[in-house]
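S.K.: The sequence isn't on hand, but the structure is:
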Ligand SMILES: Nc1ncnc2c1ncn2[C@@H]1O[C@H](COP(=O)(O)OP(=O)(O)OP(=O)(O)O)[C@@H](O)[C@H]1O
């Protein structure tokens, strides 16, 4: 279980995450939605300790992220960040193998290699596995980074905009793959998504942020409502239930 208690991020005088207290559901997909600048990425980064909090506490399965050794936390929680900096020329397979580091400590076993091959397969990267990352398209590179994160095989997976740069086919494949990881491997996935309809169709729980706060949270059918979405996005959004999915129309 991931619990955030009174988590705050302040830059100078401005509060970008404002006293957020939140328990993330165990199992399933939770998507964080909301407008630009709402604090979604900042919250995710603080949960994973990538970014220090100004104040507050985050517990991952009872472990305080500020004081837990990095290698212990890395076996509990993996994160895909928006800004993946690459310092060296790596192939897809080398990058994905890097995801096993918290388990292998740089000496991959047969089991580690099996995880790597499975992740490469799941992300449809077989044909690209020996390519260097700087020889891939943006969407292909994004899939390689998600494969690395899944390969870490943690109970908790945090993904900041995993659909970034993916075409429709690969977006659907990615969401199905994440759904499978949740349903068959009992993972808990928390992701930031901008596409409301992907968030609605594939998530068990939605968290809507605005102005650094959690404005609303609940099941997709509780959040995919014109009044709630207007309050979150300042936009008129109509909602239709199609084959059991709550679909937003917001193009005009
Ligand atoms: N280093 C920084 N210094 C000052 N303000 C910052 C810094 N980094 C982020 N911010 C501000 O913090 C706020 C929250 O940013 P964050 O990236 O968490 O938003 P977000 O909801 O993920 O937005 P987006 O949908 O655009 O990715 C924004 O207003 C941003 O300008």
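M.R.: On my side now, so go ahead. Here the structure is a predicted model, which means the values were calculated and not measured. Residues are numbered from 1 along each chain as shown.
S.K.: So which residues of the chain form helices?
M.R.: Remark: helices assigned in the chain by DSSP state H are 40-47, 70-73, 92-98, 101-104, 110-122, 138-151, 168-185, 196-202, 220-223, 226-233.
S.K.: tell me the most buried of those?
M.R.: helix 40-47 (a mean of 24; mean count of other Cβ atoms under 10 Å). Where you see a C-beta, it was placed from the backbone N, CA and C, and this is true even at glycine.
S.K.: ok so, going back, which of the helices of the chain comes out lowest on mean pLDDT?
M.R.: Mean pLDDT is lowest for helix 101-104 among the helices of the chain, at a mean of 82.
S.K.: got the contact list for it?
M.R.: Helix 101-104 has contacts (Cβ atoms under 8 Å, 6 or more residues apart in numbering) with 71, 74-75, 97, 112, 152-153.
S.K.: Repeat that for stretch 8-24.
M.R.: By Cβ under 8 Å, 6+ apart, stretch 8-24 touches 1-7, 30, 37, 39, 42-43, 46, 51, 53-56, 188, 190, 207, 211-214, 217.
S.K.: ok, of the residues you listed, which come out buried?
M.R.: Buried by 16 or more other Cβ atoms under 10 Å: 2-4, 7, 30, 39, 42-43, 46, 53, 56, 188, 190, 207, 212, 214, 217, out of these.
S.K.: Tell me what the residue most central in space within the chain is bridged to.
M.R.: Central residue of the chain (Cα atoms, centre = their mean): residue 159, 1.6 Å from the mean position. Under DSSP bridges, the beta-bridge partners of residue 159 are residue 80, residue 191.
S.K.: dump the residue contacts of it.
M.R.: 79-80, 146, 149, 178, 189-192.
S.K.: switch to 7 Å and redo it
M.R.: 80, 146, 149, 189, 191 (Cβ atoms under 7 Å, 6 or more residues apart in numbering).
S.K.: Could you give the number of residues near the last one?
M.R.: Right, residue 191. 25 (other Cβ atoms under 10 Å).
S.K.: Quick check: residue 138 touching residue 163?
M.R.: No. Taking contacts as Cβ atoms under 7 Å, residue 138 lies outside contact range of residue 163: 11.6 Å.
S.K.: which bits of the stretch 1-150 of the chain sit near the ligand?
M.R.: Listed as neighbours of the ligand in the stretch 1-150 of the chain under the rule Cβ under 6 Å from any ligand atom: 11, 16, 34, 36-42.
S.K.: Looking at the helices of the chain, which is nearest to residue 63?
M.R.: Distance to residue 63, taken as Cβ to Cβ, is lowest for helix 70-73 among those, at 6.9 Å.
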